[in-house]
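Asker: got a sequence here, can you build the structure:
(one chain, ligands or ions: 1)
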Amino acid sequence: MVEEEGWRRSGIEVRGLHFAYDGQPPLFVSFDLEVAPGSRCLLIGANGSGKTTLLKILAGKHMVGGRDVVRVLNSSAFHDTELVCNGDLAYLGGSWSKTIGSAGDVPLQGDFSAEHMIFGVEGVDPVRREKLIDLLDIDLDWRMHKVSDGQRRRVQICMGLLHPYKVLLLDEVTVDLDVVTRMDLLDFFKEECEQREATIVYATHIFDGLESWATHVAYIQDGELRRSAKMSDVHELKSAENLLSVVESWLHSEVKRPIEKESVNSTLQSLKSSPFDQSPFRSSRHMAYYR
Ligand SMILES: Nc1ncnc2c1ncn2[C@@H]1O[C@H](COP(=O)(O)OP(=O)(O)OP(=O)(O)O)[C@@H](O)[C@H]1O
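Answerer: Down below sits the predicted model:
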C-alpha cells in the first residue's frame, strides 16, 4: 500500500509481527502490513481470523517484540504511550466499558447524562464537539443507564472522536447504528481523511456502501495477510455486484482449501520445534502484556 514518498513518517507499518495468545498456537507469524496516510482501509476476514487482535496490536494494547515491529505515526504503538495520550491514535472497539480513544477507561452504563460524559472529555474544540453531537443526533439529556444499545454506541463514538486523531482504528463500531447514522458517520470519516489526511483502519462484516468509501482493503485469513490492495485494483469488484459478494467468494474459497489447511497444521507443528521457539518473540508472548 505504499503510495507516496516518505509515507512511513506518518502511516502504519507492521514488520515481522509474531503474536500468540498465552498457551495458543501463533496467530500472527512474520506478519507485515503497510497503510499509507489518508487511507481508509477495510480490514476483512472470517470470524476468528485476527482482525480484533490486529487492531488491538496497532492500538498498542499488546506488547509485541521491539520498537520497530509495529510503527504508527513513526512511533512504536506499544512503547510510545503519548500516541494515545495526545489523541493522535484512537481506537474504538466493541466494548462499552473499555478504553475510548484518548478518553480513557470510561463506563458507559451508569446513571449519568450523555452531556456529563461528552463534556467530561477535556481539551476539546467546541465546534468539533457540536458537529459530532449533531451528526450522531445525540440528546444530551439521555441517561446512560436507560438508553438503547444504539444510543449508547453513539455516545461512545462521539467521545472517541472528540479529539482530532491522526490514526483511527475502528472495530465493528457501526453495528448498532441505524442506516442513516451509519452513512453520515462514514461520510464524516471520509471528510476527515480527505481534509486532514487522517488514516483509518476499519474492521467490519457490514459492507453496505463501502465499495466507494474505502480506498484500500486488507484481507486476512487465520492471521495471514492474503490480500492487501487498493480498492480500484481488486479486479473481482469490476465484475461482481458488490463488495459483499466479493468477500463472500473469498470466504468460500477459504473453506475449499483442505490441502492448505494441512500445510498450516504442519507449519504450526514445525514452528513448535523451530528456532522461533527460542526466539525473543516467543518469550515476549509468554510475558503477554495486555493494556
Ligand atoms: N483473549 C484471548 N485469548 C486467547 N485467544 C484469543 C483471545 N482473543 C481472541 N483469541 C483467539 O484469537 C483468534 C483471533 O481472534 P480475533 O478476535 O482477533 O478475531 P476476529 O477476526 O476479530 O473475529 P470476529 O470477526 O469474530 O470478531 C481466534 O481464534 C480467537 O479465538
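
Asker: show me the contacts for the most centrally placed residue in the chain.
Answerer: Geometric centre of the chain, nearest residue: residue 169, 3.5 Å, by C-alpha atoms, centre = their mean. Contacts for residue 169 (C-beta atoms under 8 Å, 6 or more residues apart in numbering) come out as 55, 58-59, 89-92, 200-201. All C-beta spots, glycine's among them, are computed from the backbone N, C-alpha and C.

Asker: okay, the residues you listed in TSV with secondary structure next?
Answerer: Formatted as TSV, those follow (DSSP: H, G, I helix; E, B strand; the rest coil):
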residue	secondary structure
55	helix
58	helix
59	coil
89	strand
90	strand
91	strand
92	strand
200	strand
201	strand
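
Asker: for the ligand, state which of those residues is nearest.
Answerer: Taking C-beta to the nearest ligand atom as the measure, the ligand lies nearest residue 55 of those, at 7.8 Å.

Asker: give me the residue ranges of this protein where confidence is low.
Answerer: Residue ranges of the chain with pLDDT under 70: 1-10, 94-109, 255-291.

Asker: show me the strands in it, by range?
Answerer: Counting by DSSP state E, the chain has strands at residues 12-19, 28-35, 40-44, 70-72, 75-76, 89-92, 167-171, 199-203, 216-221, 224-230.

Asker: of all those, which one is nearest the ligand?
Answerer: The ligand sits nearest to strand 199-203 of all the strands of the chain, at 6.4 Å, using C-beta to the nearest ligand atom.

Asker: then that closest one to PDB, C-alphas only?
Answerer: Output of strand 199-203 as PDB, limited to C-alpha atoms (Å, rounded to 0.1, in the frame of the first residue of the first chain):
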ATOM      1  CA  THR A 199      -5.700   7.300   8.400                       C
ATOM      2  CA  ILE A 200      -8.500   4.800   9.200                       C
ATOM      3  CA  VAL A 201      -8.400   1.000   9.500                       C
ATOM      4  CA  TYR A 202     -12.000  -0.300   9.800                       C
ATOM      5  CA  ALA A 203     -12.700  -4.000  10.600                       C
END
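
Asker: tilt between it and strand 167-171?
Answerer: 10 degrees (axes from the mean of the first three to the mean of the last three C-alpha atoms, to 10 degrees).

Asker: which residues sit against strand 199-203?
Answerer: Strand 199-203 is contacted by residues 10-12, 35-45, 51-52, 54-55, 58, 166-172, 189, 192-193, 214, 218 when judged by C-beta under 8 Å, 6+ apart.

Asker: at 7 Å instead, please
Answerer: Strand 199-203 has contacts (C-beta atoms under 7 Å, 6 or more residues apart in numbering) with 11-12, 35, 37-43, 51-52, 55, 58, 166-172, 189, 193.

Asker: check those residues against the ligand, which are close?
Answerer: Filtering these for proximity to the ligand by C-beta under 6 Å from any ligand atom leaves 51-52.

Asker: please list only the buried members of the contacts of strand 199-203.
Answerer: Listed as buried from these are 11-12, 35, 37-43, 51-52, 55, 58, 166-172, 189, 193; burial here means 16 or more other C-beta atoms under 10 Å.

Asker: and stretch 80-95, C-alpha only, in PDB?
Answerer: Extracted in PDB, the C-alpha atoms of stretch 80-95 (Å, rounded to 0.1, in the frame of the first residue of the first chain):
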ATOM      1  CA  ASP A  80       5.200   5.400  22.800                       C
ATOM      2  CA  THR A  81       2.200   6.000  25.100                       C
ATOM      3  CA  GLU A  82       1.900   9.700  24.100                       C
ATOM      4  CA  LEU A  83       0.400   8.500  20.800                       C
ATOM      5  CA  VAL A  84      -2.800   7.600  22.700                       C
ATOM      6  CA  CYS A  85      -2.500  10.200  25.400                       C
ATOM      7  CA  ASN A  86      -2.300  13.100  22.900                       C
ATOM      8  CA  GLY A  87      -5.200  11.700  20.900                       C
ATOM      9  CA  ASP A  88      -3.200  11.100  17.700                       C
ATOM     10  CA  LEU A  89      -4.000   7.400  17.900                       C
ATOM     11  CA  ALA A  90      -7.600   6.500  18.600                       C
ATOM     12  CA  TYR A  91      -9.200   3.000  19.000                       C
ATOM     13  CA  LEU A  92     -12.900   2.400  19.000                       C
ATOM     14  CA  GLY A  93     -13.800  -1.100  19.800                       C
ATOM     15  CA  GLY A  94     -16.800  -3.200  20.700                       C
ATOM     16  CA  SER A  95     -16.900  -3.000  24.400                       C
END
